[in-house]
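Q: Build me a model from this:
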Amino acid sequence: MRKIKIKAFLTTAILIMSLAACGKKDDKKDDGTGDTTISTESSSDASTEASTSDTEASTNDTESTSDSTEAATGNTEASTGTTEASTGDLVTTESGTGISGFDFGGNTTESAISMNGMADGMDGMGINGGTGNGGFDSVNAEICTKYMKVLAEHESAINAYNFQFSYAAYSDIVPEDNTTRPIAFSDVNGSGVRDMLFITAENDHSARLNIYTFFDSDAYEIYNEYIDVQVGGAASYCLFRVKNNPHLFIYRSYGDQNWTDTIMELSFETYPFTKVHEWTVERTYDESSGAADILCYIDGDPVTQNEFMTASMDYYDNIDEILMYNGALTNTEFLDFIRNNGCNALSYESSISMLETGGASQNGNFVDPDGNGGNNTDPNSNNNNQPGDTDEVFKDLPIFYFSSGAGGWATVLNIMADGSFTGTYSDTNFGETGDDYPNGTIYLSVFYGNFTDVKKVADYTYTMKMESIEFAYDAGQEWVDQDQGIKYIVTPPYGLEADTSTVYTLYSPGADTKSMTEDFLSWIGSPLVMNPSDIPDPFPYYGIYNPTSGTGFLGMPDEYN
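A: Predicted structure coming up:
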């Protein structure tokens, strides 16, 4: 590993960051990022955010109520095989009432058919089964291969999501084998290619929804937000599609004494996505007075309950498919659909098996043969995802800072015109002292590496991958600077991981603020002392978004300095 002289660089970096207040990482994430965000803590050293505007999930393994189905590949009229589905046994559930979801009154749940025992039996056709279109087959095989690679890279985090059916409200919607089903496939951006949705858990109480699409011979992440969290009265979610509507719908309900329910309609026609509509119900209860209140909003504007129900029922009445959900779900409309039609979610093992057979167990191939095959039209923008000119993209970038604006910590990142970078992370704790280090302790990292694979995905918006990252010191290394009276402890940098699979997003002034995630905007707003909703559109700054950690770096243009 390359060693570089550090002391002078460290001193300069520490002065630049103006490190002040004490405290390690427990103050890093500011919870006050909006009314629809829940934060949970897994330890004193890290915090995670669960955003109610980002939701979706997964459940049952295979779907089809017909005894046999044939999926034709389009004009070639080639059949992908026959699929048989057993509907399982009738299950009777006792009547129950609840006020979760958008259920303002008490509804009952009566006898229903359990679709959880469904099992696939298929002749299948394999990746290269003849369809009469050689290019179609090769694209389909490439998509399956790339999706399998993504799943393999996230296997441990996917399998760590083990609380999908915890706190189940109705046992008949839980798979009989209780297997987690956190993966689904559906064309949510209208590209003619089925996108891949899956849930990953970073700890035992919060999980994220990840969505990948296929373009230009590779799989790209277009969504990464919190969706499931174990809190108070438990959180429920449901990912679904609506008839004659190309968008993805995410329902989420959370709370305990007070509840918030939200449905988001998301469009992925622009990168990374656009929130088309949002319906929200807030129910509050005053324990001292016994008073209850119900507030309804559509796209942030207050409406009456009748107006709200009229608008939302248009979507409930036209549910086309349910992609994923968790066991805490109590919404009557979703429950009835699941019981009668099943759910399209798969387990990790079933997803890999399906991809190995070219997608044959989910109605055939991943490419819509009447569409474009996913290899010549960018589903995210009008810029065709053409590789960017690295020298131009990285030319004259400002220094990027990742910080909450308080707490004495920051990560500083300096990117050169060729994509190479250097940086430091430093967290000062003046309260951690000893006889030979009376001036405190600094947790620090010094690193360098290279960004490559730059692609333009929208105006003023690019994606890039971290080709390499190296560290000047080994993690855990310690020493005391006697002259400064400070102890140094080497630790990984916050906001950047030694993970070369992460696809970062680089924003430059002029980017579409509405397309940015709440995670990113909340981090950008912290050092600016600005609410995320107040950040101007178009985006006036530079920014780097890390979807793996949900963190954001801020770079200030020259006119702000």
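Q: From the contact counts, what lies against whatever helix or strand residue 522 lives in?
A: Residue 522 belongs to helix 518-528 when elements are defined using DSSP states H and E. If contacts are counted by 3 or more C-beta pairs under 8 Å, 6 or more residues apart in numbering; DSSP states H and E, helix 518-528 sits against strand 46-51, strand 218-229, strand 542-546, strand 551-555. Yep, even glycine has a C-beta here, placed from its N, CA and C like the rest.
Q: Only alpha carbons, please: show the last one as CSV.
A: Output of strand 551-555 as CSV, limited to C-alpha atoms (Å, rounded to 0.1, in the frame of the first residue of the first chain):
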residue,chain,number,x,y,z
THR,A,551,-25.2,10.4,2.3
GLY,A,552,-24.5,13.6,0.4
PHE,A,553,-21.4,15.7,-0.2
LEU,A,554,-21.8,19.5,-0.8
GLY,A,555,-19.6,21.5,-3.1
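Q: who does that strand pair up with?
A: Applying DSSP bridges, strand 551-555 is found paired with strand 400-402 (antiparallel), strand 542-546 (antiparallel).
Q: Tell me which of those strands sits nearest to residue 501.
A: Among the strands paired with strand 551-555, the nearest to residue 501 by C-beta to C-beta is strand 542-546 (12.0 Å).
Q: Next, the angle strand 218-229 makes with that closest one.
A: Here strand 542-546 runs at an angle of 80 degrees relative to strand 218-229 (axes from the mean of the first three to the mean of the last three C-alpha atoms, to 10 degrees).
Q: switch to numbering from 2
A: Done: numbering now begins at 2, and the last item shifts to strand 543-547.
Q: Does residue 422 touch residue 452 like I think?
A: Yes. Using C-beta atoms under 8 Å, residue 422 is in contact with residue 452, at 6.4 Å.
Q: okay, these two: which has more neighbours?
A: Remark: of residue 422 and residue 452, residue 452 carries more neighbours, 25 against 20, as counted by other C-beta atoms under 10 Å.
Q: ok, then the element right after the helix or strand containing the more buried one?
A: Taking DSSP H and E as the criterion, residue 452 maps to strand 442-459. With elements assigned by DSSP H and E, the helix or strand that comes after strand 442-459 is strand 462-472.
Q: just checking, what packs against that following strand?
A: Where contact means 3+ C-beta pairs under 8 Å, 6+ apart, strand 462-472 is packed against strand 442-459, strand 504-508.
Q: Kindly state the beta-bridge partners for the nearest residue to residue 548 once chain neighbours are set aside.
A: Using C-beta to C-beta, 6 or more residues apart in numbering and skipping residues adjacent in sequence, the residue nearest residue 548 is residue 225, 3.9 Å away. In this entry, residue 225 is beta-bridged to residue 211, by DSSP bridges.
Q: For residue 225, grab the count of nearby residues.
A: Number of residues near residue 225 (other C-beta under 10 Å) recorded here: 23.
Q: OK, contacts around it?
A: By C-beta atoms under 8 Å, 6 or more residues apart in numbering, residue 225 lies in contact with 209-212, 518, 548-549, 551.
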